[in-house]
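*Asks:* Predicted structure and sequence below. I'll ask about it afterward.
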There are 4 protein chains.
Amino acid sequence: MTSPIRVTVWGENFHEQSERDRAGMAERYPSGMHGAIATGISELLGDSAAVTVATQDQEGHGLTEEVLNETDVLTWWGHATHASVDDAVVDRVHQRILGGMGLLVLHSAHFSKIFRRLMGTTCSLAWRNSGDTELIWSVNPSHPITVGVPQPIVINEHEMYGEFFDIPAPDELIFISAFSSGEVFRSGCCWRRGKGKVFYFSPGDQEYPVYNHPDIKRVLANAVRWATPEHTADRADFTAPAVINQPAPQFDRGGIAEGASA
Amino acid sequence: MTSPIRVTVWGENFHEQSERDRAGMAERYPSGMHGAIATGISELLGDSAAVTVATQDQEGHGLTEEVLNETDVLTWWGHATHASVDDAVVDRVHQRILGGMGLLVLHSAHFSKIFRRLMGTTCSLAWRNSGDTELIWSVNPSHPITVGVPQPIVINEHEMYGEFFDIPAPDELIFISAFSSGEVFRSGCCWRRGKGKVFYFSPGDQEYPVYNHPDIKRVLANAVRWATPEHTADRADFTAPAVINQPAPQFDRGGIAEGASA
Amino acid sequence: MTSPIRVTVWGENFHEQSERDRAGMAERYPSGMHGAIATGISELLGDSAAVTVATQDQEGHGLTEEVLNETDVLTWWGHATHASVDDAVVDRVHQRILGGMGLLVLHSAHFSKIFRRLMGTTCSLAWRNSGDTELIWSVNPSHPITVGVPQPIVINEHEMYGEFFDIPAPDELIFISAFSSGEVFRSGCCWRRGKGKVFYFSPGDQEYPVYNHPDIKRVLANAVRWATPEHTADRADFTAPAVINQPAPQFDRGGIAEGASA
Amino acid sequence: MTSPIRVTVWGENFHEQSERDRAGMAERYPSGMHGAIATGISELLGDSAAVTVATQDQEGHGLTEEVLNETDVLTWWGHATHASVDDAVVDRVHQRILGGMGLLVLHSAHFSKIFRRLMGTTCSLAWRNSGDTELIWSVNPSHPITVGVPQPIVINEHEMYGEFFDIPAPDELIFISAFSSGEVFRSGCCWRRGKGKVFYFSPGDQEYPVYNHPDIKRVLANAVRWATPEHTADRADFTAPAVINQPAPQFDRGGIAEGASA
C-alpha cells in the first residue's frame, strides 16, 4: 500500500480569535475553519491521507522547513492578515510548490501573498456580503475534482464573489458559480506552476458554515488527491526546476543539409 | 487602404417563413435575422466590411464555391433545419475555415453540422425558454471581442442556455452568462481550427429581438474583425494545411554526440 | 481492490499481413504491433489492467457493442486502411469516448477517422522516412504521463513527423520531439472530448521496433492510467452528455422556485 | 488615422559598455542591441509606431512614471544585471502591464524580475553557448505574430536554450525552436496578465547579430502590434483590474433590483 498523502491545512486563525467574530466562529467551527477543513479531508480520504493543521500564530507560521518537508499538499485559508505573513515563509512555500507540493487556495486566500506570487496578477474581484444563494456548476465532467458532487452544488447563503476575477486563464476551468444576485465567478480553477499543482476554490467565507457542507468537503478531498505530486518512489522528489548549465550536445554538428532552408 | 473584410451572413431562413413564426419574426426582424445581423455589422464596420447575405433556401444554400471564394468571415445561424444542410456544402465550408476563413457560430447553431464537425463533441447543453433575464459577463478584458460593451451586457428577456455545454475547452473564454433562473453558460468562446478562427456566441433566440440590441451588434462587429484571416498581400491565401511529403532534411547526420543520452 | 482498467488494444493488422511487410514485422513484432503494445501495458500495469486485442479484420473490426461496453481505454494504431474503417464503428467508438472511454491515438492514427472526427482539423503534418534519431522532450514535469521516463527519451531510428501538425491546440502539451534532421513535433498531446480523455503519441512507425522500447511502453502505461474514466461506483457510467430539456429554474423571479434544488 | 503605437525599447546596456564585450558589440550593434531592436521596429511599422529607447543606467532606469504613461508596448532585454533593477521600477512596470501595456520579453530576460513576477515560476531552462544552428518553427499559422516569416526561421549560429523551460503553459504557443545539437525550446509564447499581453521570444544572445536578422525583426514588429492594448478612444485606458466593493445586486430575491442595470 502506498504511503498516505501528507496534508497540511493552514489557517490564519484570526476570525476564530477576534473579539468580533469568535462567538459566531465557535458555533460554526468549534475547531476553527482549519479544523473543519482537516476533519473533512480525513473523513473522506481515511487512511490514504495524514492530515495536520498549522496556523499563522505558530512559530514560523507553522510552516517550518521540517513541516514543509513532510507536506505533499498544503491548503491555505487567509483573509485579514495576509500582509503579516512572513516573506521568508512565502519563499519556502513557493519553492516547495515549484518542487511539486500541491496547493489548495481557499476563498479570500485569492489575496494571499503566495497566490498572488504564483499568479502574477492583482487577483482582484467583485464582492458583496448579502447572503445570496450560490450555485456551483461544473464545466469539466471528466475531471477528478468533480467526482461525486451534484450539478449544481448549492450553498444556500454565501458571500458573493463576481467577475472580473483577475487571474491568468486557468489551465483547467472546473467550476463556475452563479449567485442569486446575478453575478458569475470562475470558482474552481487549476494551474500548474513548476512541478506543482494549484487549485483555487472560492467557497468558504468565515460567516457561513461552508466547510461543513458535504459537497464542499468532497471537492476538497478530490482536490487534495488531484494536487498530490506524482512520484515513482515512495515519496515525490521535491526538487524545483533549475538551470541546466552547458549540457552536452545530443547530436554532433553534421552541417546544414543541401537543399534545406537552413 | 486595405481591402474591406468580406462577410457572408448565413441564415436558415426557416422561422422567417414558417406559418407559426413569420408574423412575430416580421415584427422583430423585417429583413429576417440574417438581415438584422448583416445590418448591424455594416453599421458598425462601415467601409471596412463588405457584407452579403445567404440563406439555406438558395441554390447551394447560397454557399457556392464562388461565394465562399469571396468570403473572409462567415456567420452562421441555424435551428430547425440543421439536418437538411447539404454535406457537400458543409465540406466546402469546413475546408475554407481550415484554410483561414473566420466563422461566427450563433445561438442554436451550436447544433449545426459545421460546428459539431469542428468541435468533435455533442455540443449539447441545457435549455429552457421562459424569458429569463440574461447577464453576459466578460472574463477577458484585454480581448478585442470585448471592446466597447458594458460589464455586464443585459438581455432583458431571452431563452436560457445552461452548462454543461459539451464543447472542447475554448482556446479563449470571453463571456460567461448568468440567467435570472440561476444557470450559467460559457456564452462567448474562441477556438482556432487549422488557419481559421471560430467564435461561438450564444445570444440570439428567434423569439427575442436580440440582434437589434446595440451591445450584441457591437460584439458581432468586434468578432468579425477578430475572425478575419491574417494576410500580408491584399487578400489572405486560403490554402488549408496539408501533408508535406518527404521534405529535405534541414541538418545532415553528424552522429550522436559523445556523452549524450542519445 | 478496485476493478482492473479494461484496455482494448486495436490494430489495423495490415502491415503484419501484407506481402511486402510481413517478414520484417514478424521479426520486430511476432504478435503484431497490437500484441507488443498489449504486452507492454500488461507488463507494466499488472493486475490493475485487463488487456485485450482487437483488429480491423475481425467482425465489426473487433469493436462490437459488447466489446466497447467492456472497454475503459481504447488504443488505436492504423495507417494504410483508415478509409475502410466502417463509419458505424467510428460512430460507436466516438459515442463511447464522449461517454468517458479513454482513447490513445498512436503514430499514423493521426489520420484515423476517429481522431479526425474528434479534432475537426486536417490532422496533416510533414513527414520523411530516413531513419533519423528522435529525442522526445517532456515539457510538463508534473504530468502523470511523464512519470518514470528519462529526459529526453531517445529513439535511435525513427520516421520523422514535423510541424505544422494541424491539430487544435492541445489542452495539455506533454512532449515535443526533435529530429536529427532539424524538425520538431508536438509528439505527446492531451485533449478532453465530452467525458473522455484523448492522448495522441507519435512514436510508432511499423518499420522500427518502437513498441518494444521500455520508455515508450512506460508512456503508454502511464497514458492508459491517465485516460481511465473517473468513477465513484465500481465502474464508470458511460452516458455521453446530452440535451437537458426545460429543467426547472433554480431561482424564481421572486424567491427560490418550489421544487428546485436551491 | 489612429495614433501611433508608443513603443519603449528597454535595454540593460551592460554588454555594450563592458570591457570584455564592447568591441564585439560595437561591431554587431553600433547603437546597442536596444538601438537595433528599435530601428527594426521603426523600419517595419513606419508611422504606425513611435519608438523610443531607455536603458538601465538612466535615471529611474529610463522608466519613470512619465515615460511609462506614454508607453503602449515595452520591450525588455536584460542579462547580467537583473538583480540591480530597482524593485520600485518593477512595481511600476508590473502595474502598467496589468493596466494594459504590452510587454515583449527577449532572450535572457526570461530571468528578469518583471518576467519572473508575471509568471510565478523559476523561469529556468537548459543552455549552452556553442554556436548551434537554431530553427524556429511556427505551430500557430493563424496567429498575427507569425505573419510574413518563413517556416522555419533559420538562425545560423546562436546560443542554445532547451527544455524544460519552467514557465506556466502559454495561453498561446507560437514558435518551437530546434537546435542542431538536439534540444527543443518553446521559443515564442503568449500570455495575458490583467489587461496586458505578454510575448516571450527567445532569440537574441548578445554574441550573435540576431536583432539584425530580417525575420527576427519581422516577428518583433508583429508582436508589438499584437501586444498593443485594445482601446475605443484615441488611447487605451490603463486602469488595472481592482476590487469592486459591494456592487448593487443585479437581481433581487424577488424581482429586478432597483438601481441595477437589469
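*Replies:* Yep, that arrived.

*Asks:* top strand in chain A by residue count?
*Replies:* Selection of the longest strand in chain A by residue count, based on DSSP state E, yields strand A:126-138.

*Asks:* and the most centrally placed residue in chain A, backbone torsions?
*Replies:* The geometric centre of chain A, computed from its C-alpha atoms, lies nearest to residue A:104 (C-alpha atoms, centre = their mean), at 1.3 Å. Residue A:104 adopts backbone torsions of phi -110, psi 120, taken as degrees, to the nearest 10.

*Asks:* For chain C, see how far away it is.
*Replies:* Summarising the geometry, the distance separating residue A:104 from chain C, computed by C-beta to the nearest C-beta, to the nearest Å, is 15 Å. Where you see a C-beta, it was placed from the backbone N, CA and C, and this is true even at glycine.

*Asks:* which residue sits closest to that residue, ignoring its sequence neighbours?
*Replies:* With C-beta to C-beta, 6 or more residues apart in numbering or on different chains as the criterion, residue A:104 has its nearest non-adjacent residue at 4.1 Å, and that residue is residue A:75.

*Asks:* Could you export the host helix or strand of the one you found as CSV, keeping only the C-alpha atoms?
*Replies:* Under DSSP states H and E, the secondary-structure element containing residue A:75 is strand A:73-77. Coordinates of each C-alpha in strand A:73-77 appear next as CSV, following Å, rounded to 0.1, in the frame of the first residue of the first chain:
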residue,chain,number,x,y,z
VAL,A,73,-0.4,19.1,-0.3
LEU,A,74,-0.9,22.4,1.6
THR,A,75,-4.3,24.1,1.9
TRP,A,76,-4.4,27.8,2.6
TRP,A,77,-7.1,30.0,4.1
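
*Asks:* Wait, a strand at residue A:118?
*Replies:* No - secondary structure of residue A:118, determined by DSSP: H, G, I helix; E, B strand; the rest coil: helix, with no strand assignment.

*Asks:* ok now do it, which residues does it touch?
*Replies:* Listed by C-beta atoms under 8 Å, 6 or more residues apart in numbering or on different chains, the contact set of residue A:118 reads A:94, A:97, A:103, A:191, A:193, A:198, D:120.

*Asks:* host element of residue A:103?
*Replies:* Using DSSP H and E, residue A:103 falls within strand A:102-106.

*Asks:* Adjacent strands (with direction) for that strand?
*Replies:* Within its sheet, and counting by DSSP bridges, strand A:102-106 is paired with strand A:73-77 (parallel), strand A:196-201 (parallel).

*Asks:* Just the pLDDT for the residue nearest to residue A:104.
*Replies:* With respect to pLDDT, residue A:75 scores 98.

*Asks:* Might you report the residue contacts of the residue lying closest to residue A:100 once chain neighbours are set aside?
*Replies:* With sequence-adjacent residues excluded and distances taken as C-beta to C-beta, 6+ apart, residue A:100 is closest to residue A:229, at 3.6 Å. Residue A:229 makes contact with A:72, A:100-102, A:195-197, A:236, A:238, C:142, according to C-beta under 8 Å, 6+ apart.

*Asks:* Out of those, show me where the pLDDT dips lowest.
*Replies:* By pLDDT, residue A:236 ranks lowest within those, coming in at 84.

*Asks:* Once you drop chain neighbours, what's closest to it?
*Replies:* Nearest in space to residue A:236, with sequence neighbours left out and distances taken as C-beta to C-beta, 6+ apart, is residue A:229 at 3.7 Å.

*Asks:* Wait, a strand at the one you found?
*Replies:* No - according to three-state DSSP, the state of residue A:229 is coil, so it is not within a strand.

*Asks:* circling back to that earlier point, could I get the pLDDT score of the residue nearest to residue A:100?
*Replies:* Per-residue pLDDT puts residue A:229 at 95.

*Asks:* Distance of it relative to chain B?
*Replies:* Relative to chain B, residue A:229 is positioned 24 Å away (criterion: C-beta to the nearest C-beta).
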